[in-house]
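> Predicted model, plus sequence, below.
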Amino acid sequence: MVDMSLILFLEMEKRGSVFRPHSPPYKLRFKSVLLTNWPNIMSYTVILEPEQYSPSALALYAKLGSVSSERLPGERQAEELADARVIVIRLGRVTKELLDKVPNLQVIASPTTGLNHIDLEDVERRGIKIVSLKGRRDITEKVYTTSEHTVALLLSLIRRIPGFNQHVLQGGWDRQRFIGSEISGKTVGIVGCGRLGIRVAEILHAMGARIVGTDPYQSKDKIPSWIEMLSEKDLLQQSDIISLHVDLRPENEHMFSKEQFQAMKPGAFFVNTSRGQLVDESALFDALRSDRLAGAAIDVMDNEDPEGEHLKQNPLVEYAQTHENLLLTPHIGGATKESMAMTEDAIALEVLAVLGHST
């Protein structure tokens, strides 16, 4: 510990994308700041998915020291990671190979509720702290984006909006070409009646749908009286639409497989904005190809890769390229300007607290 109460600190007005006190280019202003913890000033943060990252979150990380906030090629990224105490991700994978490049890592920051993109076993072995939204209902209760996206996908699917849009772009104006369906009067099955499931149910209930639900983990006193709780079997048989809102656990991987799709009401619609691993993609493909399902909309896929490697030769992707009853989006349920800024700021504050740095 350096024994001083006051130092001259360089306050940097960033021109590039890396905050680093010892190298240009910066406009510099001298500012006096109290120094309470010298080692924290020397911390180094790398934002691995920096696109449109919250400026206020970046400013918070800068209180720890240098911040790298651009995508760098392999060798340059390795140099940045070698000094990192904190890495910040969204849904990018944190593997053993990545962790090997960050020998001084103390904290992984991920503004997500799910952590299946992180090698948790290796992280625990190395004694690295994870800061995330998991269990942070004080934050997630204010985030409505995934429920909104679920309803948007569902409406796009059953009203066949993408098909109509493409028809118009090709010069057509035939309103009879794609006849869709409406929410009112339909039975919607909510699988997983937690925060997001209930929020989706509230929206669809207001649109005139009958809501049925199933959730063995949720206490009945937390479920609105207008949601009819059923067994999974009865829900599958009765629902015109099924929306999946379940946390991923080892025991529920591929909880929707051939058996569940065959048990569903013929001609039903299926929506998944939870986690891709919950669904057996080959079984979903078979249910669509055989017309067992009228359509599906999914925002999440198994083995997601930020570079899109999981899409290559994927039967669902190939099906969607020639059929308008399967909608795919790249895990954007929580990706709005407002929600991302709020959660990124909250996670940055938590990282500072974990490292003993006051704000």
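Here it is on my side, so go on.
> Just name the shakiest helix or strand of the protein by mean pLDDT.
strand 26-34 (a mean of 32; mean pLDDT, DSSP states H and E).
> So for stretch 75-82, what gets flagged as buried?
77, 80-81 (16 or more other C-beta atoms under 10 Å). Yep, even glycine has a C-beta here, placed from its N, CA and C like the rest.
> of these, closest to Glu253?
For the buried residues of stretch 75-82, the minimum distance to Glu253 (C-beta to C-beta) is 30.6 Å, reached by Leu81.
> for that closest one, phi and psi?
phi -70, psi -30 (degrees, to the nearest 10).
> give the contact list for it.
Counting by C-beta atoms under 8 Å, 6 or more residues apart in numbering, Leu81 makes contact with 46, 87, 98, 101-102.
> Inside helices: which ones of those?
Leu98 (DSSP state H).
> where do the helices sit along the stretch 101-250 of the chain?
120-126, 137-140, 145-158, 161-169, 195-206, 232-238 (DSSP state H, counting those that start in this stretch).
> Mean pLDDT and mean neighbour count added to these, as JSON lines?
As requested, the helices of the stretch 101-250 of the chain are exported to JSON lines (pLDDT from 0 to 100; neighbours: other C-beta atoms under 10 Å):
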{"stretch": "helix 120-126", "mean pLDDT": "96", "mean neighbour count": "13"}
{"stretch": "helix 137-140", "mean pLDDT": "89", "mean neighbour count": "14"}
{"stretch": "helix 145-158", "mean pLDDT": "98", "mean neighbour count": "21"}
{"stretch": "helix 161-169", "mean pLDDT": "95", "mean neighbour count": "14"}
{"stretch": "helix 195-206", "mean pLDDT": "97", "mean neighbour count": "20"}
{"stretch": "helix 232-238", "mean pLDDT": "98", "mean neighbour count": "17"}
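> For Leu349, find the nearest of those.
It's helix 137-140; of the helices of the stretch 101-250 of the chain, that one is closest to Leu349 (C-beta to C-beta) at 10.2 Å.
> I'd like to know how far the residue nearest to Lys233 when sequence neighbours are not counted sits from Ile87.
Distance criterion C-beta to C-beta, 6 or more residues apart in numbering; nearest residue to Lys233, sequence neighbours excluded, is Ala263 at 6.6 Å. Going from Ala263 to Ile87 by C-beta to C-beta, to the nearest Å gives 43 Å.
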